[in-house]
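Peer 1: okay, sequence plus prediction incoming.
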Amino acid sequence: MSLEALVLALSSVVRPTSTAALYAMLCTRSPQRLLAAYLLAGLAFSVGIGVAVVTVLQQRAVTPAVADSRTVVDMVLGAAALGYAAGTWAGWPRRSDPDRAPRDSRFRRQLQNLSPSGAAVAGVLTHLPGVFYLAALNAIVGSTTSVTGSILQVLVYNAIWYSSAIAALTLSVFRPARSRELVAQVSDWGRRRKREIIVVLFGAVGVYLLVKGLLALSS
């Protein structure tokens, strides 16, 4: 697996929304059933998109124009990541109604009384392809000319991306109380540090992708 894709995968492991979903499922009477639905649906969705993208792109001949297009993608994604980091640092979006519940609170209420189908939907919604995943797919395509190699890298990326859910499911079988405790701690830490996490991760990735793109264009 390319180093760039690996770093992006590791940066995607802890997300406040996904840890909140995991904790909500672990607090139910049948967490294994919900976690399995969450994992299967999410993996099927994100792996399917990743495999389709790298397969189509790998079938294109490697030409200077194709290489330039991947550079442009990196720069666009880098600019988007920096913009999101800057907006989060500045406190955007601002709440116009002080009596309106924060989005995280509404999300947590929706996680209560989850059914397997609801858990499956949560698995998809908490793993929608974003800047990190798209940048990783772009890096994977540029790291090998083999379709099989690219697909394997997509599978590894998703295994890392879903590692917290896989760990939660495993622990819920053998040590359910401990699994709830650990996920609760991670969820609480992520909720309290959400702004800092977003600014640091998205800012670092944005700078990296922009610098990488500029260096590629100047070479």
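Peer 2: Looks like it arrived, so ask away.

Peer 1: helix or strand right after the helix or strand bottoming out on mean pLDDT in the chain?
Peer 2: Least confident element among the helices and strands of the chain, by mean pLDDT, DSSP states H and E: helix 103-110 (a mean of 54). Downstream of helix 103-110, the first helix or strand assigned by DSSP states H and E is helix 116-125.

Peer 1: buried stuff in that following helix?
Peer 2: Buried residues in helix 116-125, defined by neighbour count with 16 or more other Cβ atoms under 10 Å: 116, 118, 119, 120, 121, 122, 123, 125. Every residue, glycine included, has its C-beta placed from N, CA and C.

Peer 1: one more: stretch 3-17?
Peer 2: By neighbour count with 16+ other Cβ under 10 Å, stretch 3-17 contains the buried residues 4-9, 11-17.

Peer 1: do me a favour and get the end-to-end distance for that stretch?
Peer 2: 26 Å (Cα to Cα, to the nearest Å).

Peer 1: averaged pLDDT, that stretch. What do you get?
Peer 2: Taken as a whole, stretch 3-17 has a mean pLDDT of 87.

Peer 1: touching that stretch from outside, list them.
Peer 2: 104, 107, 126, 132-133, 135-136, 139-140, 143, 153, 156-157, 160-161, 163-164, 186-187, 190-191, 194, 197, 201, 205 (Cβ atoms under 8 Å, 6 or more residues apart in numbering).

Peer 1: centre of the chain to it, how far?
Peer 2: From the chain centre to the centre of stretch 3-17 is a distance of 7 Å (Cα atoms, centre = their mean, to the nearest Å).

Peer 1: repeat that for stretch 169-180.
Peer 2: Relative to its chain's centre, stretch 169-180 lies at 23 Å (Cα atoms, centre = their mean).

Peer 1: what's the answer for stretch 44-63, then?
Peer 2: Per Cα atoms, centre = their mean, the centroid offset for stretch 44-63 relative to its chain is 18 Å.

Peer 1: now what about that stretch, what contacts it?
Peer 2: Contacts for stretch 44-63 (Cβ under 8 Å, 6+ apart): 66, 123-124, 127, 129, 133, 137, 140-141, 144-147, 150-151, 153-155, 157-158, 161.

Peer 1: ok so, going back, which one of the buried residues of stretch 3-17 sits closest to residue 87?
Peer 2: Among these, residue 16 lies closest to residue 87 (Cβ to Cβ), at 16.5 Å.

Peer 1: leaving out chain neighbours, which residue sits closest to the closest one?
Peer 2: Nearest non-adjacent residue to residue 16, counting by Cβ to Cβ, 6 or more residues apart in numbering: residue 190, 4.2 Å away.

Peer 1: and for residue 209?
Peer 2: residue 78 (3.0 Å).

Peer 1: thinking again about what came up before, tell me which of the buried residues of stretch 3-17 fall in strands.
Peer 2: Assignment to strands by DSSP state E places none of those there.

Peer 1: low-confidence bits of this protein, can you list those?
Peer 2: By pLDDT under 70, the low-scoring segments of the chain are 61-65, 93-113.
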